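*Asks:* kindly generate the corresponding structure for this input.
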Amino acid sequence: MRRILYIEDDLEIGSWVKEDLEHRGFEIQWLKSGDGSEKIVANHDLVILDVMLPGLDGFTVGQRLKKEAPQIPILMLSARTAVDDKLQGLQFADDYLTKPFHPDELAARIEVLLRRSGLSLSNELHLGHIQVNLSENTFIDQRTGEEIILTGKQYQIFMHFLRHPNQILTKEQIYESVWGEPYLEGDKTLMVHIRYLREKIEINPGTPEIIETIRGIGYRVKQ
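*Replies:* Next up, the predicted model:
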C-alpha cells in the first residue's frame, strides 16, 4: 500500500480527504501541523501539504521536508490562488492544487506524481529472484512462484530501501525512519530485523546479494 503523509489542520477537509484516499487504496498518516513531519517523511511515498498551518506555515514546512527527503514528491493544497503564492510553492513543491478541488482531480494528480517518482499502480521491480509488485504490496520468489510474507517491520525496512535505490543508508537513517525515534549507538534491533529479512529474501543469507552490508556505514539495495 502506498503511503501518503497528509498535513492539514482543517478537520472537516482533512477527514473527507483522508477517507476518500483510503477508499482509493492509499495509507494515510494525517498530521494537524508540521511538527515532527521531518522525522517521518522518508517513510512515505508522497506528501500532501496545506499552506495555512498552525505554527510554521506550509511553505516553510515544505522546504524543510524537501531538504530532508528530496526524492519524495510534495503536493501543495491551498485556498490561496494568487500567482505569487503558486510560484512560491512551486519553488520546492512538485504540484500546487487550489481549494476547492474535486477528489478525482486530487487523486489524478497524486497518480501523476507517483508515476514520476517510480511508484505508480502498475509498477513492478525485480531484485534478483524477487518480483516486487508495489500496487499489491507483494513479494514473489520467481523460482517457486510463492509469495514471501514479511512482518510489518520487515516490510517497512524493505520499502525504505526501495525508496532509496542504490543509496548507502546508515543504520541511524533506517532506524529513525522505520521506528520514528532516535537511534541509540549499539542497539542491535535493526541488525536483527535485517538478518531475519535476509533469511526470507536472499538465496544465501550468509552472502547476501539483495541487501548489501557496507562495512562501517550501513546497507544498500541496488536496482
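
*Asks:* OK, contacts around F92?
*Replies:* By Cβ atoms under 8 Å, 6 or more residues apart in numbering, F92 lies in contact with G62, Q63, K66, I74. For glycine as for every other residue, the C-beta is placed from the backbone atoms N, C-alpha and C.

*Asks:* and the residues you listed, which two are furthest apart?
*Replies:* Largest separation among those by Cβ to Cβ: Q63 and I74, giving 9.6 Å.

*Asks:* more neighbours, the two?
*Replies:* I74 (27 against 17; other Cβ atoms under 10 Å).

*Asks:* beta-bridge partners for the more buried one, please?
*Replies:* I74 has these beta-bridge partners by DSSP bridges: V47.

*Asks:* point out the least confident one among the contacts of F92.
*Replies:* pLDDT across the contacts of F92 is lowest for K66, at 89.

*Asks:* and the helix or strand hosting it, C-alpha only, in CSV?
*Replies:* In the assignment (DSSP states H and E), K66 maps to helix 58-68. Provided in CSV are the C-alpha atoms of helix 58-68 (Å, rounded to 0.1, in the frame of the first residue of the first chain):
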residue,chain,number,x,y,z
GLY,A,58,3.2,25.1,4.7
PHE,A,59,5.9,26.9,2.7
THR,A,60,8.4,26.6,5.5
VAL,A,61,7.4,23.1,6.3
GLY,A,62,7.6,22.1,2.7
GLN,A,63,11.1,23.5,2.2
ARG,A,64,12.3,21.5,5.2
LEU,A,65,10.6,18.3,4.0
LYS,A,66,12.1,18.6,0.6
LYS,A,67,15.6,19.2,2.1
GLU,A,68,15.1,16.1,4.3
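
*Asks:* what are the boundaries of the strands in the chain?
*Replies:* Using DSSP state E, the strands of the chain run over 3-7, 27-31, 46-50, 74-78, 95-98, 124-127, 130-133, 138-141, 146-147, 169-170, 211-214, 218-221.

*Asks:* export those to TSV and tack on distance to R195?
*Replies:* What follows is those, written out as TSV (distance: least, Cβ to Cβ, whole Å):
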stretch	distance to R195
strand 3-7	25
strand 27-31	27
strand 46-50	31
strand 74-78	35
strand 95-98	40
strand 124-127	18
strand 130-133	17
strand 138-141	17
strand 146-147	21
strand 169-170	16
strand 211-214	10
strand 218-221	11
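
*Asks:* nearest to K200, of those strands?
*Replies:* So among the strands of the chain, strand 138-141 is nearest, using Cβ to Cβ, at 8.3 Å.

*Asks:* who's in contact with the closest one?
*Replies:* Residues contacting strand 138-141 (Cβ under 8 Å, 6+ apart): H129, I130, Q131, V132, N133, E146, E147, I148, L150, F158, I201.

*Asks:* list the strands paired with that strand, with their directions.
*Replies:* strand 130-133 (antiparallel), strand 146-147 (antiparallel).

*Asks:* hmm, what's the outermost residue in the protein?
*Replies:* Ranked by distance from the centre of the chain (Cα atoms, centre = their mean), the top residue is A82, with 30.1 Å.

*Asks:* now for that one: which residues touch it?
*Replies:* Contacts of A82 (Cβ under 8 Å, 6+ apart): none.

*Asks:* can you do 10 Å?
*Replies:* Q88, T98 (Cβ atoms under 10 Å, 6 or more residues apart in numbering).

*Asks:* do M76 as well
*Replies:* Neighbouring residues of M76 by Cβ under 10 Å, 6+ apart: 47-51, 58-59, 62, 85-86, 88-90, 92-98.
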